[in-house]
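Engineer: prediction below, plus the sequence it came from.
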Amino acid sequence: MKPVYNLGTAIAILIVACACSKSPKASGGDTSPPTSNEPVKTDVTFWLTKGDQSQLLKKQNVALNFSSTTNNNPTIEVDPATTFQSIDGFGYTLTGGSASLINALPAAAQDKLLNELFSGNDEAIAVSYLRISIGGSDLSAYPFTYNDLADGETDDNLAKFSIAKEQADLIPVLKKIVAINPSIKILGSPWTAPTWMKTNKSFIGGSLKPEYYQTYAKYLVKYIQAMKAEGIVIDAITPQNEPLHPGNNPSMYMTALDQADFIKTALGPIFQSSDIKTKIIVYDHNADKPEYPITILNDADTKKYVDGSAFHLYAGPITALTQVHNAHPDRNVYFTEQWVGGPGNFAEDLKWHVSTLIVGATRNWSRNVLEWNLAADPNYNPHTDKGGCTTCLGAITIAPAVSRNVAYYVIAHASKFVKPGSVRIASNITNNLQNVAFKTPDGKNVLIVCNNNSTETAFNIKYNGKTVASSLDKGAVGTYVW
């Protein structure tokens with residue numbers, strides 16, 4: 001994408017917005033529709049997705065040019081001089097089930113899909129961040145860890161540790177992804193420790209026994225080293241997925257005090273002594289319990305090992321991320337999971353996920369936004385029995401033909417344009433036009449706006465004293481680039 005520069009030395013800017021594709025006549029620029037299919041001369045390029053699916057991440061052939069003309073429409077002003085957090089990326093959870101479905105595709109179809117998802121070419125959406133499970137998740141075909149033993153057995157030296165189960169699907173798919181995008185960031189999250197380390201010896205629930213803190217920390221080190229040997233770098237881990245949800249299959253209960261104790265007495269020191277550079281990110285659960293990560297970070301002996309806190313949003317407000325940031329501004333914030341419940345409502349899901357997560361999480365200091373999960377089949381399989389998610393709609397459905405669902409477009413409206421290393425910059429929210437702006441490493445700026453109004457809304461984008469006018473349908477999402 002090569003935007004036209006009509007602003008002299010002004011910074012090129014990219015904006016994502018949620019609204020309609022029409023440009024209002026009373027505007028600060030030439031908004032007359034093109035009379036042919038030839039590309040129009042424009043300062044701002046504009047990509048659009050509408051709730052009725054008539055436009056799906058579609059580049060609009062309209063002229064959006066800055067001028068000094070004014071009108072009375074609400075104005076979003078972008079201020080690149082005011083900066084916030086850096087961005088690590090946008091993406092999905094590559095569950096074991098997602099990997100198995102992708103790996104079962106014919107080679108040509110698989111390569112085409114992976115390039116569409118992860119490459120930086122014009123037709124791709126440039127996913128830059130993945131979350132994977134350490135062992136099985138509830139969207140694996142069955143629960144497992146890398147050290148499963150017969151009842152009554154233990155393995156304190158981890159002699160039987162093996163990631164062989166991942167050689168079937170996850171590792172082959174990850175190797176192809178890394179070949180396409182070598183800089184992709186990968187976060188690993190365990191759903192459970194090996195059952196022989198737990199109080200109830202079960203995949204579901206139970207807690208990690210303190211006498212196995214050191215062993216489990218070494219287990220996580222062995223995992224990181226084993227993946228590195230496969231050419232897969234684990235950028236960060238969380239000690240436990242959803243530590244306050246022991247009913248999942250698999251799952252493990254872990255209080256804030258237990259997680260702090262595990263990190264400061266075992267995981268942190270063993271990472272340090274093993275020269276593991278992988279980040280430790282705490283919590284990885286809902287925004288209704290900000291006191292959980294704050295409790296951990298309040299312990300100075302634990303905090304020194306911790307990079308930041310991760311959140312889901314099945315409960316609580318997205319503003320809780322700012323509460324944690326304000327309590328510990330020297331530590332990072334991440335958004336690591338949100339599902340779309342199948343069969344879904346495209347229009348409502350698009351509006352909620354963009355305004356609450358792409359906009360809301362990043363405006364509340366998150367360095368990433370991840371949707372759960374990447375792929376499922378038409379029946380939301382695979383998943384574990386007795387506790388696995390039975391209605392999780394993937395970003396794509398593989399049947400085996402590939403179709404794209406709402407989470408694909410939610411993430412794509414950011415991932416395609418907001419590259420890792422981008423920095424959030426200031427923009428005002430006005431007239432229920434939810435938005436967030438970014439400055440990209442190559443000198444562009446990104447603004448993401450969602451029109452949460454019930455009708456089409458005309459508005460202006462203001463930058464360096466000049467404005468350009470646009471309009472978005474109710475619930476539409478647009479990306480503007482200049």
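Structural biologist: Looks like it came in fine. Residues are numbered from 1 along each chain as shown.

Engineer: quick one: mean pLDDT over stretch 162-175.
Structural biologist: The average pLDDT within stretch 162-175 is 98.

Engineer: cool, stretch 418-429 as well?
Structural biologist: Per-residue pLDDT over stretch 418-429 has a mean of 98.

Engineer: could you tell me the end-to-end distance of it?
Structural biologist: In stretch 418-429, first residue to last residue: 19 Å (C-alpha to C-alpha, to the nearest Å).

Engineer: next, the buried residues of it.
Structural biologist: Within stretch 418-429, the residues scored as buried using 16 or more other C-beta atoms under 10 Å are 418-420, 422-425, 427, 429. Quick note: C-beta positions are derived from backbone N, CA and C, even for glycine.

Engineer: go on, stretch 273-285?
Structural biologist: Within stretch 273-285, the residues scored as buried using 16+ other C-beta under 10 Å are 274, 276, 278-285.

Engineer: run through the protein and note the low-pLDDT ranges.
Structural biologist: 1-37 (pLDDT under 70).

Engineer: now for the strand ranked longest in the chain, which elements pack on it?
Structural biologist: In the chain, assigned by DSSP state E, the strand with the most residues is strand 75-86. Secondary-structure packing of strand 75-86 (3 or more C-beta pairs under 8 Å, 6 or more residues apart in numbering; DSSP states H and E): strand 366-371, strand 423-427, strand 433-439, strand 445-451, strand 457-463.

Engineer: ok and that strand relative to strand 366-371, angle-wise?
Structural biologist: Angle, strand 75-86 to strand 366-371, by axes from the mean of the first three to the mean of the last three C-alpha atoms, to 10 degrees: 100 degrees.

Engineer: doesn't A375 make contact with T397?
Structural biologist: Yes - if you go by C-beta atoms under 8 Å, T397 and A375 touch, sitting 7.3 Å apart.

Engineer: so those two - more neighbours on which side?
Structural biologist: Neighbours were counted for T397 and for A375 using other C-beta atoms under 10 Å; A375 has more, 25 against 21.

Engineer: contacts only, for the more buried one.
Structural biologist: Residues in contact with A375 (C-beta atoms under 8 Å, 6 or more residues apart in numbering) are 95, 97-98, 101-102, 394-398.

Engineer: narrow those residues to those in strands?
Structural biologist: Among the contacts of A375, DSSP E puts 396-398 in strands.

Engineer: now render the contacts of A375 as CSV, adding distance to I76.
Structural biologist: Conversion of those to CSV gives the following (distance: C-beta to C-beta, whole Å):
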residue, distance to I76
T95, 36
G97, 40
S98, 36
L101, 40
I102, 38
G394, 32
A395, 28
I396, 32
T397, 35
I398, 38
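
Engineer: list only buried entries from those.
Structural biologist: By 16+ other C-beta under 10 Å, the contacts of A375 give 95, 97-98, 101-102, 394-398 as buried.

Engineer: now do the helix or strand hosting I270: distance to the chain's middle.
Structural biologist: Assigned by DSSP states H and E, I270 falls within helix 268-273. The chain centre lies 28 Å from the centre of helix 268-273; the measure is C-alpha atoms, centre = their mean, to the nearest Å.
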